[in-house]
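Visitor: any chance you could fold what I've pasted below:
(chains A and B)
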Amino acid sequence: MNAIEIHELTKQYKDKTAVDRLTLDIKQGELFALLGVNGAGKTTTVKMLSCLIKPTSGDARIMGYSITNEPEKVKQIINVSPQESAAALNLTVRENLEFIAQIYGYSAVEAKKAALDIIEEMSLESVSSSKAKILSGGYMRRLSIAMSVITKPQILFLDEPTLGLDVLARRELWGVIERLKEKTTVILTTHYMEEAEQLADKIAIISSGRLRASGSAEQLKAESGTNTLEDAFVKIASAQDDK
Amino acid sequence: MKTLIFAKRNMKEIIRDPLTVFFGLCFPVIIMLLLTLIQSNIPTELFSINKLAPGISVFGLSFISLFSGMLIAKDRSSAFCLRLYSSPIKPYQFISGYIIPFIPLALLQSALCLIIAIPLGLKPGIGMLTVLIASIPASFLYIGIGILCGTFLSDKQVGGICGALLTNVSAWLSGIWFDLSLLGKTLEGIAKSLPFANAVISVQAVFAGDLTEALKPIIIVSAYAAALFAGAVILFSAKIKSDNK
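Guide: Just a heads-up that it's a prediction; the model follows:
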């Protein structure tokens, strides 16, 4: 079953087309990576799919709900971990988690329990009483993801979740993301090839707002006749840009 | 319910900022203590505590604009707002969540000012309660200014506009420290047409028990507050929509 069906999705800003007639299906339970260089249109796509911005034309269905006609229903079943750290800085880790759970309709008691569970699951025990503003980059990202997972979304958008993290923190976060695969459909945007290869079931290569190719890492390498995903990406993205 | 949950978060953000506590609660009190000290060393009655305390309780509200503006501007510039925009919270819950915590904060600030003025000679009684009630329009006025600034300015700009300009305008054109006639006819006319002096005149009059004298300035402040507050709410909602285009 498809969790997301994107049809001719387009976002136009004055003279720039950020996303150009994107058509794509994402299966339920898949971890799907949108791979592209900076400005390729990945974040704009995620923003449209998560009802943060309205498409200029086209539509997408998230678990059957239209992002243009039923944004309230879509918002109830998705969650987003934005590119930048997105926590209330003067609240503790636990308070941030309880806050977001309650915003999604949990009672105070349910939110408390959910926060305790997610703190354990995401190994945030040591910082659970610390204010968000004093967290390291790695813990902040982990909190940001925890805040998007606590509501048990059917669809989870992770926008560049490891951007700016050191190698160790990145690897730790990969472990966290891999565990998420078992429970939810994850749409991950990244421009790190090894991240997409390591985590994703399927990868879509986007450049200049257009879908250039999609498939598993192995399929993309085979189709482009290259040995690495990076080579495949360069070949596919630059070939299309040259046209 | 979501409004209150968001309001609770905002209240925590505000009161956990030590600068907010200092400027919001302590700074107006320090000014009052200093002026009372000056008064004790001069022969003429320049800073009568019965006029000074209600006046400063209103002046202190100008910091509410700073806090509300800073909070909204900081949230807007961070990805925290993106997270909320993509959540099921509705725009009216969002803006109400920003407004609600500042109402008790404004009342607390005014009450603290008046209570501390008691040992300085302020006559305790029903007058203090009436001052709190009469300062409600001014509270909404300053909250409205803060929301407006936070909606369109960066947190640094809010610091400049609300932290420096507004507090100075509120102080110098309010008539708390000196008679407005000393400013000359033109400036006096401007001051009296603005809400700041009227807010001070209204609370000073109600504290003195002169409700007739208080009526006109209360109407003026309420009119400004209603217009600014309504404008702030409409423009804030419009800004959320335009941010999501």
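
Visitor: rounded mean pLDDT for stretch B:97-111, please.
Guide: Averaging pLDDT along stretch B:97-111 yields 91.

Visitor: flag every residue of chain A that's near chain B.
Guide: Residues of chain A found near chain B (CB under 8 Å from any CB of the partner chain) are A:50-54, A:72, A:75-76, A:78-80, A:82-91, A:95, A:99-100, A:102-105, A:131, A:147-148. Every residue, glycine included, has its C-beta placed from N, CA and C.

Visitor: please enumerate the helices of chain A.
Guide: Secondary structure of chain A (DSSP state H): helices at A:42-49, A:71-77, A:93-103, A:108-121, A:137-149, A:167-180, A:193-199, A:217-224, A:229-242.

Visitor: and the contacts of the fifth one?
Guide: Among residues not part of helix A:137-149, those counted as contacts by CB atoms under 8 Å, 6 or more residues apart in numbering or on different chains are A:79-82, A:85-87, A:93, A:96-97, A:100, A:118-119, A:121-124, A:127, A:132, A:135, A:156-158, A:161-162, A:164-166, A:168-169, A:172-173, A:176-177, A:180, A:184, B:83.

Visitor: what stretches of chain B score poorly on pLDDT?
Guide: Counting by pLDDT under 70, chain B contains low-confidence ranges at B:244-245.

Visitor: what sits against the closest residue to chain A within it?
Guide: As assessed by CB to the nearest CB, chain A sits closest to B:Ala79 within chain B, at 3.7 Å. B:Ala79 sits next to A:82-86 when contact means CB under 8 Å, 6+ apart.

Visitor: before we move on, back to that, need the helices of chain A in CSV with mean neighbour count, can you?
Guide: CSV is the format used below for the helices of chain A (neighbours: other CB atoms under 10 Å in any protein chain shown):
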stretch, mean neighbour count
helix A:42-49, 25
helix A:71-77, 18
helix A:93-103, 24
helix A:108-121, 16
helix A:137-149, 23
helix A:167-180, 15
helix A:193-199, 20
helix A:217-224, 17
helix A:229-242, 17
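
Visitor: can you add distance to B:Ile31 and mean pLDDT and give the ones you listed back as CSV?
Guide: CSV is the format used below for the helices of chain A (distance: least, CB to CB, whole Å; pLDDT from 0 to 100):
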stretch, distance to B:Ile31, mean pLDDT
helix A:42-49, 47, 92
helix A:71-77, 47, 92
helix A:93-103, 34, 96
helix A:108-121, 40, 94
helix A:137-149, 39, 89
helix A:167-180, 48, 85
helix A:193-199, 56, 91
helix A:217-224, 66, 92
helix A:229-242, 63, 81
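
Visitor: ok, which of those helices comes nearest B:Ser135?
Guide: Counting by CB to CB, B:Ser135 lies closest to helix A:93-103 out of these; the figure is 30.9 Å.

Visitor: and the closest one with helix A:137-149, angle?
Guide: 20 degrees (axes from the mean of the first three to the mean of the last three CA atoms, to 10 degrees).

Visitor: packing partners for helix A:93-103?
Guide: helix A:108-121, helix A:137-149, helix B:2-15 (3 or more CB pairs under 8 Å, 6 or more residues apart in numbering or on different chains; DSSP states H and E).

Visitor: can you redo those as a markdown table with distance to B:Thr212?
Guide: What follows is the helices and strands packed on helix A:93-103, written out as a markdown table (distance: least, CB to CB, whole Å):
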| stretch | distance to B:Thr212 |
| --- | --- |
| helix A:108-121 | 49 |
| helix A:137-149 | 55 |
| helix B:2-15 | 37 |
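
Visitor: so for the most centrally placed residue in chain A, what's the pLDDT?
Guide: The centre of chain A sits closest to A:Leu158, judged by CA atoms, centre = their mean, with a distance of 2.2 Å. pLDDT, A:Leu158: 92.

Visitor: try the one 4 residues further on
Guide: Reading off the per-residue confidence, A:Thr162 sits at a pLDDT of 86.

Visitor: for B:Leu114, helix, strand, or coil?
Guide: helix (DSSP: H, G, I helix; E, B strand; the rest coil).

Visitor: and the helix or strand hosting B:Leu52, which residues are buried?
Guide: Per DSSP states H and E, B:Leu52 falls inside helix B:49-59. For helix B:49-59, the buried set under the neighbour-count rule, 16 or more other CB atoms under 10 Å in any protein chain shown, comprises B:49, B:51-59.

Visitor: could you do stretch A:203-222 as well?
Guide: Those would be A:203-214, A:217, A:220-221, for stretch A:203-222 by 16+ other CB under 10 Å.

Visitor: let me see the contact set for residue 105.
Guide: Just going to use chain A. A:76, B:88.

Visitor: other chain: chain B
Guide: Contacts of B:Leu105 by CB under 8 Å, 6+ apart are B:11, B:14-15, B:24, B:64, B:67.

Visitor: then B:Thr3?
Guide: So, once contact is read as CB under 8 Å, 6+ apart, B:Thr3 ends up touching B:92-93, B:96-97, B:100.

Visitor: mind putting those residues into JSON lines with neighbour count, distance to B:Ile219 and secondary structure?
Guide: JSON lines is the format used below for those (neighbours: other CB atoms under 10 Å in any protein chain shown; distance: CB to CB, whole Å; DSSP: H, G, I helix; E, B strand; the rest coil):
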{"residue": "B:Tyr92", "neighbour count": "11", "distance to B:Ile219": "28", "secondary structure": "helix"}
{"residue": "B:Gln93", "neighbour count": "18", "distance to B:Ile219": "31", "secondary structure": "helix"}
{"residue": "B:Ser96", "neighbour count": "16", "distance to B:Ile219": "26", "secondary structure": "helix"}
{"residue": "B:Gly97", "neighbour count": "22", "distance to B:Ile219": "30", "secondary structure": "helix"}
{"residue": "B:Ile100", "neighbour count": "18", "distance to B:Ile219": "25", "secondary structure": "coil"}
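
Visitor: now for those residues, which pair is the farthest apart?
Guide: B:Tyr92 and B:Ile100 (12.0 Å).

Visitor: wait, A:Pro153 touches A:Thr184, no?
Guide: Yes. A:Pro153 lies in contact with A:Thr184 (CB atoms under 8 Å); the separation is 6.0 Å.

Visitor: up against chain A, what does chain B have?
Guide: B:1-2, B:5-6, B:8-9, B:12-13, B:16-17, B:78-80, B:82-89, B:244-245.

Visitor: show me which of those residues are buried.
Guide: B:2, B:5-6, B:8-9, B:12-13, B:17, B:78-80, B:82-89, B:244.

Visitor: so what's A:Ala115 closest to, chain neighbours aside?
Guide: Distance criterion CB to CB, 6 or more residues apart in numbering or on different chains; nearest residue to A:Ala115, sequence neighbours excluded, is A:Leu97 at 3.9 Å.

Visitor: please read the previous query as pertaining to B:Lys216.
Guide: B:Asn198 (7.9 Å).

Visitor: and the gap between that neighbour and A:Ala200?
Guide: From B:Asn198 across to A:Ala200, the span is 63 Å (CB to CB, to the nearest Å).

Visitor: the two: which is more packed in?
Guide: B:Asn198 (28 against 24; other CB atoms under 10 Å in any protein chain shown).

Visitor: now do the phi/psi pair for the more buried one.
Guide: Phi and psi for B:Asn198, reported as degrees, to the nearest 10, are phi -60, psi -40.
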